[in-house]
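K.L.:
okay, here's the prediction I keep looking at, along with the sequence it came from:
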Amino acid sequence: MESDARLLHSVAVVVRKLREQKKYSQEHLAAEADLSRSMIDKIERRKRLPSLPVILKIAGALNIKASEIIAKIEQEMDR
């Protein structure tokens, strides 16, 4: 898997896991993060790589630090 594809995969896995751990639907996470449900769906389906501002919004909605999300993405990429 090339590095861009690995990154897309890792981001998708991490965002979905974190969302599901909070028992949030895509709609709920999107509303809390002030994003569209379509954006969350595209991230989770590996169709879109989120920008840093989007990661910050998702982190805020999940009540965690963006650095935690990035660390989890790095761990996932190392698998």
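P.N.:
Received it, and whenever you're ready, just let me know what you need.
K.L.:
check the gap between the residue nearest in space to the middle of the chain and residue 25 for me.
P.N.:
What sits nearest the mean C-alpha location of the chain, by Cα atoms, centre = their mean, is residue 15, with 3.0 Å. Distance, residue 15 to residue 25, using Cβ to Cβ, to the nearest Å: 13 Å. For every residue, glycine as well, the C-beta is placed using N, CA and C.
K.L.:
ok so, going back, next, the residue lying closest to the residue nearest to the centre of the chain once chain neighbours are set aside: secondary structure please.
P.N.:
The shortest distance from residue 15 to any residue other than its chain neighbours is 5.3 Å, reached at residue 43 (Cβ to Cβ, 6 or more residues apart in numbering). When classified by DSSP: H, G, I helix; E, B strand; the rest coil, residue 43 comes out as helix.
K.L.:
pLDDT score assigned to the nearest residue to residue 41 once chain neighbours are set aside?
P.N.:
Nearest residue to residue 41, sequence neighbours excluded (Cβ to Cβ, 6+ apart): residue 26, at 5.7 Å. If you check residue 26, the pLDDT there is 98.
K.L.:
contacting residues around the residue nearest to the centre of the chain?
P.N.:
40, 43-44, 50, 58, 69 (Cβ atoms under 8 Å, 6 or more residues apart in numbering).
K.L.:
kindly list the longest helix within this structure.
P.N.:
helix 3-21 (DSSP state H).
K.L.:
which SS class is the closest residue to residue 36 other than its chain neighbours?
P.N.:
Leaving out its chain neighbours, the residue that sits closest to residue 36 by Cβ to Cβ, 6+ apart is residue 30, at 5.8 Å. Classification of residue 30 using three-state DSSP returns helix.
K.L.:
hmm, back to that, so how far is residue 32 from the residue nearest to the centre of the chain?
P.N.:
13 Å.
K.L.:
need the contact list for residue 17.
P.N.:
residue 72.
K.L.:
sketch out the low-pLDDT regions of the chain for me.
P.N.:
1 (pLDDT under 70).
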